[in-house]
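> Predicted model and sequence below, questions to follow.
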2 protein chains.
Amino acid sequence: MRRDVFQAIADPNRRAIIELLGHSQLTPNAVAAHFDVSRPAISKHIKILAECGLVIVTQRGRERYYEANYKALGEVSKWVDQYRNFWENKLDALGNFLASEAKVHKSKPHKNKQK
Amino acid sequence: MRRDVFQAIADPNRRAIIELLGHSQLTPNAVAAHFDVSRPAISKHIKILAECGLVIVTQRGRERYYEANYKALGEVSKWVDQYRNFWENKLDALGNFLASEAKVHKSKPHKNKQK
DNA sequence: TAATTTTGTAACTGATTGGTTACAATTAGG
DNA sequence: CCTAATTGTAACCAATCAGTTACAAAATTA
């Protein structure tokens, strides 16, 4: 089964869960109380999130505490960032191509706004 | 059918396609030449990408030219960015919670009940 | 005009997904 | 010790997904 962070955050419920788990550690029951779906459904979502490192589990007695590990979003951040200049400079694909061509041939001034 | 940018970029082939379409405009046949899957499969992927604005279509005669519109990644970027401080400051969820508690108690309670 | 190229899409298929209910195991509390 | 609470997971189901092959339509070209 494919289990990467891109697939993990594709589901809106899972995004809501990791949003929730950033504010405080919560037990599965506490998480499920925020949603309309059943506790097992939440449990499966959290399992998927944990499998790609987005959620960390701490067991204490019979209870489990989940918390978000946003560091695992780094992969997504990195992937998106490589395209950031494209839309922040308001260049489309062709525009970028032409801009880089002009830069090579004529040293045309090129806004290089970084993140 | 759910068609948001998070679901669109969940598939590795689709991520490869929009990567490809950032370098130059390509026809569906040209795109398909880069992959092992069939042309109709690529066509369906591109349709999904176009439906959420990640790909822009230009028809010229019988041919179609696709190009990436990375601006549509803004939604993902925005979502990820709201968590960036968490992992860049090397704070875990509990650490952030305590840090915000230490300031003032003016953060509103989180409500995320779905309907 | 006739044949070829380019493309989208319908129809189908097997795998995956997101959900459910039911049940078992472990811990807590009387 | 017995009962209740907390949790994971198995078994199942309908819907969606990602792929295929087959075909039709429109534009090019010989």
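That came through, no problem.
> Stretch A:72-87: which residues count as buried?
Judged by neighbour count (16 or more other CB atoms under 10 Å in any protein chain shown), stretch A:72-87 contains these buried residues: A:Ala72, A:Leu73, A:Gly74, A:Val76, A:Ser77, A:Trp79, A:Val80, A:Tyr83, A:Arg84, A:Asn85, A:Phe86, A:Trp87. Every residue, glycine included, has its C-beta placed from N, CA and C.
> do stretch A:25-43 as well
When neighbours are counted by 16+ other CB under 10 Å, the buried residues of stretch A:25-43 are found to be A:Gln25, A:Leu26, A:Pro28, A:Ala30, A:Val31, A:Ala32, A:His34, A:Phe35, A:Ile42.
> ok so, going back, which ones among the buried residues of stretch A:72-87 are found in strands?
In strands, judged by DSSP state E, none of the buried residues of stretch A:72-87 are found.
> Of those residues, which is the nearest to DNA strand C?
Closest approach between the buried residues of stretch A:72-87 and DNA strand C, by CB to the nearest atom of the strand: A:Val76, at 16.1 Å.
> and the residue nearest to the closest one when sequence neighbours are not counted, what does it touch?
For A:Val76, the nearest residue in space outside its immediate sequence neighbours is B:Val80; the separation is 5.4 Å by CB to CB, 6 or more residues apart in numbering or on different chains. By CB atoms under 8 Å, 6 or more residues apart in numbering or on different chains, the residues touching B:Val80 are A:Leu73, A:Val76, A:Ser77, A:Val80.
> how close does the first one get to B:Ala50?
I take that to be A:Leu73. Between A:Leu73 and B:Ala50 the computed distance is 26 Å (CB to CB, to the nearest Å).
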